[in-house]
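# Predicted model and sequence follow; I will ask about them next.
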Number of protein chains: 2
Amino acid sequence: MKITTKGRYGLRAMVELARNYKEREYQSLRSISENQNIPENYLERLLAKLRKAELIETHRGTQGGYRLIREPADVSVLEILLAVDEPLYLVECTKNATACPQYDRCPSNVVWSKMAKEMQRVARETTLKELL
Amino acid sequence: MKITTKGRYGLRAMVELARNYKEREYQSLRSISENQNIPENYLERLLAKLRKAELIETHRGTQGGYRLIREPADVSVLEILLAVDEPLYLVECTKNATACPQYDRCPSNVVWSKMAKEMQRVARETTLKELL
DNA sequence: TCTATACCCAAGTAAAACAGTTGGAAATGA
DNA sequence: TCATTTCCAACTGTTTTACTTGGGTATAGA
């Protein structure tokens, strides 16, 4: 029950971008991967997802790279996690009651969904700015 | 990032035992596995862990089985999860700062540990009795 | 227009974790 | 002594994870 590298790398990459938000310059994949010690090609796929989620924008060619769209104070950790990885649920039946045949007589769900809700709350209330 | 079957099955087995706590009778592996729809041999290993954690006690032979040691109101979900599975941390470096070479300059840890703490709190504050 | 720089993207892969199974030993009560 | 029940270690198929490979495409500067 651990956060995967997708989530961890994704957040670290976003923190890296947030650091240089003010300059509005594009940061290359290579520089992010080197600064944060993340495998280049793997990180690329994560950045692609962050772009599709419209958290970052890109530019190709010389001097190209990645940069944040919104300011760090306006980007929550939850958004980042949802962009790069699966939703923050602890069991299948929490997000989809039909996934569990014995959903009705399964009192355990109460704990799992409470726990997930708290995790989500913390992630939603924490912004990139707070992590700088 | 899901709770494994160890945690889910373990909790459900404990709920099952809690249901019959008052009678003080031993419930057989088979009956628990059938009532909760959990593979028998797999469940056996989980019950062994719960016994080692001194949450349940056992008796062999005819009319043998498993039963709770303490009353349901006195058993937290956290205890159960710790007994059958790994500690409730989201990243390695939260429980062990030396596991991460860049621990000091990694602001992301703050979120991970906050999230884990909230999960733990919910699990600690929820007892078996509340799930009945 | 050529070329170096950088992002874009699909498919493949080794290793680890997960979820269970197999097969038997040991204790207990009738 | 025998049916019942827990105890326990080793094995195994499947899925997920964490990457890697090998291309393609846009952009800027010489």
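Yep, it's here.
# Check which element follows the least confident helix or strand in chain A by mean pLDDT along the chain.
When the helices and strands of chain A are compared on mean pLDDT, DSSP states H and E, helix A:92-95 comes out lowest with a mean of 66. Past helix A:92-95, heading to the C-terminal end, the next element that is a helix or strand (DSSP states H and E) is helix A:109-125.
# Does the helix or strand containing A:Ala48 reach chain B?
Using DSSP H and E, A:Ala48 sits within helix A:40-52. No - in this structure, helix A:40-52 remains apart from chain B according to C-beta under 8 Å from any C-beta of the partner chain; the gap is never smaller than 13.8 Å. Backbone N, C-alpha and C define where each C-beta goes, glycine included.
# And stretch A:64-73, end to end?
Using C-alpha to C-alpha, to the nearest Å, the span of stretch A:64-73 from its first residue to its last is 24 Å.
# again with stretch A:26-42
One end of stretch A:26-42 to the other measures 19 Å (C-alpha to C-alpha).
# Is that stretch in proximity to DNA strand C?
Yes - contact of stretch A:26-42 with DNA strand C is found when judged by C-beta under 7 Å from any atom of the strand, involving A:26-30, A:41.
# neighbours of A:Val77, just the number please.
A count of nearby residues for A:Val77, using other C-beta atoms under 10 Å in any protein chain shown, gives 28.
# From A:Tyr21, how far out is the closest residue to DNA strand C within chain A?
Residue nearest to DNA strand C within chain A: A:Leu29 (3.1 Å; C-beta to the nearest atom of the strand). Distance of A:Leu29 to A:Tyr21, given as C-beta to C-beta, to the nearest Å: 17 Å.
# Then A:Thr126?
For A:Thr126, the distance to A:Tyr21 under the criterion C-beta to C-beta works out to 17 Å.
# Have a look at the two and say which one is more surrounded.
A count of neighbours by other C-beta under 10 Å puts A:Thr126 above the other of A:Thr126 and A:Tyr21, at 21 against 18.
# Surely that one is in contact with A:Glu79?
No - here A:Thr126 does not reach A:Glu79: they are 10.5 Å apart, not a contact under C-beta atoms under 8 Å.
# Would you mind listing what in chain A touches chain B?
Within chain A, the positions adjacent to chain B are A:1-4, A:7-8, A:11-12, A:15, A:37, A:77, A:85-86, A:88-92, A:102, A:106-108, A:110-112, A:114-115, A:118-119, A:121-123, A:126, A:130-132 by C-beta under 8 Å from any C-beta.
# any low-confidence regions in chain A?
Low-confidence segments of chain A, defined by pLDDT under 70, are located at A:94-105.
# In it, which residue sits closest to DNA strand D?
Using C-beta to the nearest atom of the strand, A:Gly61 is the residue of chain A that sits closest to DNA strand D, at 2.7 Å.
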